[in-house]
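Participant: Provided below for reference: sequence and predicted model.
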Amino acid sequence: MNVIFAKTALYAYPNIMAITEQIDELVEKKAVFSMNDFSPAIEQFDKIVDLTEQKKAMFALKLFLDDAIKQFSKDELDCLEYKYFKRKSKKYFENFDFTSRSYFRKQVKIINKVAKSLELAGATDEWFKEHCLRMDFFKELLKRVIEHEKNSQKNK
């Protein structure tokens, strides 16, 4: 998997469960309010199936990432947590070195390792495009990652 897709997946990782819950709510609303929707039943059905497929892709991505992350040391996990997940408090990172050149080199190694692990697990570029990039959430997140990468290149 290319590095940009891997970064996008990592930024999405802490939100996957919340997104799947939102999909569940949408499916339930569409089903309950289908009697007030005068569009053809097959269109309504297709929308529900599409949402279900999106949820399935989210779970698959979570499993791919769970497997990839298991391979990392505590130090590498802290780097992922600091840069992508942001689930831990700032206090946890008080003595964390996130400004040195070694930190940035380490981040490059980690993201390459994640991308390779995802690729080996079956999350290829094609899989990501077909299953994730059909969701608005991932399209927008990918745009932001690409923009961030461009800005980072300008600053070098």
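Facilitator: Great, that's in hand.

Participant: centre of the chain versus the one helix or strand residue 153 maps to, how much separation?
Facilitator: Secondary structure assignment for residue 153, by DSSP states H and E: helix 136-155. Relative to its parent chain, helix 136-155 has a centroid offset of 13 Å by CA atoms, centre = their mean, to the nearest Å.

Participant: quick one: average confidence on the longest helix belonging to the chain?
Facilitator: The longest helix of the chain (DSSP state H) is helix 41-69. On average, the pLDDT along helix 41-69 is 94.

Participant: in that helix, what's buried?
Facilitator: By neighbour count on 16 or more other CB atoms under 10 Å, the buried set for helix 41-69 is 44, 47-48, 51, 54-55, 57-58, 60-62, 64-65, 68-69. The way it works is simple: take the backbone N, C-alpha and C, and place the C-beta from them, glycine included.

Participant: got it, and stretch 21-37?
Facilitator: Neighbour counts using 16+ other CB under 10 Å place 23, 27 of stretch 21-37 among the buried residues.

Participant: Can you tell me the SS state at the residue of the chain most remote from its centre?
Facilitator: Distance from the C-alpha centroid of the chain, by CA atoms, centre = their mean, peaks at residue 38 (35.0 Å). Here residue 38 is recorded as coil under DSSP: H, G, I helix; E, B strand; the rest coil.

Participant: do the same with residue 99
Facilitator: coil.

Participant: burial count for it?
Facilitator: By the criterion of other CB atoms under 10 Å, residue 99 has 7 neighbours.

Participant: For it, give its distance to residue 82.
Facilitator: Distance, residue 99 to residue 82, by CB to CB, to the nearest Å: 11 Å.
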